[in-house]
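In: here's a sequence, model it:
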Amino acid sequence: MKFIVKPTLVAVAVMALAGCGGQEEAKPAVLETDAQKQAYGLGASIGSYMNNNLAEQEKFGVVLDKELLIAGFSESLQGKAQLEENEIREILMALDQEVNEKKQAAAALESEKNISAGQAFLDENAKVEGVSVTESGLQYQVLTAAEGASPLATDTVKVHYKGTLIDGTTFDSSYDRGQPIEFPLNGVIPGWTEGVQLMNVGSKYKFVIPSNLAYGPNGTGPIPGNATLVFEVELLDIVTPEAPEADHGH
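Out: Modelled structure (predicted):
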């Protein structure tokens, strides 16, 4: 495991030095030479990173005393650190473990809440006129009907789509990017593989996908664990693979 916490806390001290105490009396940094700009730029980059890092830690109840951070930074620069290097390493590894455990506990709690919230949403949505529920639990509603062909799981499709959480938060949208997407239908989440096969080219459907047909307990990116997902999908085309060119050399 790469050890990255130690420079992180040095960075906190750099940020704290710049942001705590004596702000009104502090003179602006002189940035005239390249060397001055390089030194300032390094400190600013570290400070910006650590500002985000500290804010993230505080979400989980881990708040560091900035005055002690300043003291540790200042004393270490003078070669007068009160803790030995191996002791610092152990302390910071324990801090890293504490933060990770709290993150995991918070994620597990959110995941449990998402199960009940998702089921309640599915139960209510199933009552909406025009909503059908498949044997797997996938819910779909025809927004725009069409008479085009329907894809097979082995087909590649071209779609426009918008994906939201049940609270309406958009986590992905090809409409926002201004470009449809093509993908093999058997290479996506099960809810998509099943649902898009129900569609006809030219149609638009709304899908409500239970978490077990989506990303499950782990989630992905902005999608939390056990999240029920809502998609509006427009099937634009079934992409036909280009036939290989004939070999005229023989």
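In: which residues touch stretch 138-151?
Out: Stretch 138-151 has contacts (Cβ atoms under 8 Å, 6 or more residues apart in numbering) with 122, 125-126, 128, 130-134, 157, 185, 191, 194-210, 213, 232, 234-235, 238. No exception for glycine: its C-beta is placed from N, CA and C like everyone else's.
In: now, the residues you listed that are in helices?
Out: 122, 125, 191, 194-196 (DSSP state H).
In: closest one to residue 87 out of the residues you listed, please.
Out: Among the ones in helices among the contacts of stretch 138-151, residue 191 lies closest to residue 87 (Cβ to Cβ), at 51.1 Å.
In: now for that closest one: which residues touch it?
Out: Residue 191 touches 138, 207, 209-210, 213-214, 229, 231, counting by Cβ under 8 Å, 6+ apart.
In: middle-most residue in this protein, spatially?
Out: residue 221 (2.6 Å; Cα atoms, centre = their mean).
In: that older thread, quickly check the contacts of residue 191 for the two that are furthest apart.
Out: The two members of the contacts of residue 191 with the most space between them (Cβ to Cβ) are 210 and 231, at 12.4 Å.
In: circling back to that earlier point, out of the contacts of stretch 138-151, which sit inside strands?
Out: Assigned to strands by DSSP state E, the following of those qualify: 131-133, 157, 204-209, 232, 234-235, 238.
In: as JSON lines, those with pLDDT would be great.
Out: Listed next are the ones in strands among the contacts of stretch 138-151 as JSON lines, based on pLDDT from 0 to 100:
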{"residue": "131", "pLDDT": "97"}
{"residue": "132", "pLDDT": "97"}
{"residue": "133", "pLDDT": "97"}
{"residue": "157", "pLDDT": "97"}
{"residue": "204", "pLDDT": "98"}
{"residue": "205", "pLDDT": "98"}
{"residue": "206", "pLDDT": "98"}
{"residue": "207", "pLDDT": "98"}
{"residue": "208", "pLDDT": "98"}
{"residue": "209", "pLDDT": "97"}
{"residue": "232", "pLDDT": "97"}
{"residue": "234", "pLDDT": "97"}
{"residue": "235", "pLDDT": "97"}
{"residue": "238", "pLDDT": "95"}
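In: which among the residues you listed count as buried?
Out: 131, 157, 204-209, 232, 234-235, 238 (16 or more other Cβ atoms under 10 Å).
In: can you pull the contacts of residue 110?
Out: Contacts for residue 110 (Cβ under 8 Å, 6+ apart) come out as 224-225.
In: okay, now the unreliable bits of the protein?
Out: 1-26, 242-250 (pLDDT under 70).
In: show me how the record splits it into domains.
Out: According to automatic domain parsing, the chain comprises the domains 5-82, 120-239.
In: need the winner for burial among these.
Out: domain 120-239 (a mean of 16; mean count of other Cβ atoms under 10 Å).
In: quick one: end-to-end distance for that domain.
Out: In domain 120-239, first residue to last residue: 37 Å (Cα to Cα, to the nearest Å).
In: pipe the domains of the chain into CSV and attach distance to residue 112 per row.
Out: Listed next are those as CSV, based on distance: least, Cβ to Cβ, whole Å:
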stretch, distance to residue 112
domain 5-82, 17
domain 120-239, 8
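In: quick one: closest of those domains to residue 102.
Out: Per Cβ to Cβ, nearest to residue 102 of the domains of the chain: domain 5-82, 3.9 Å.
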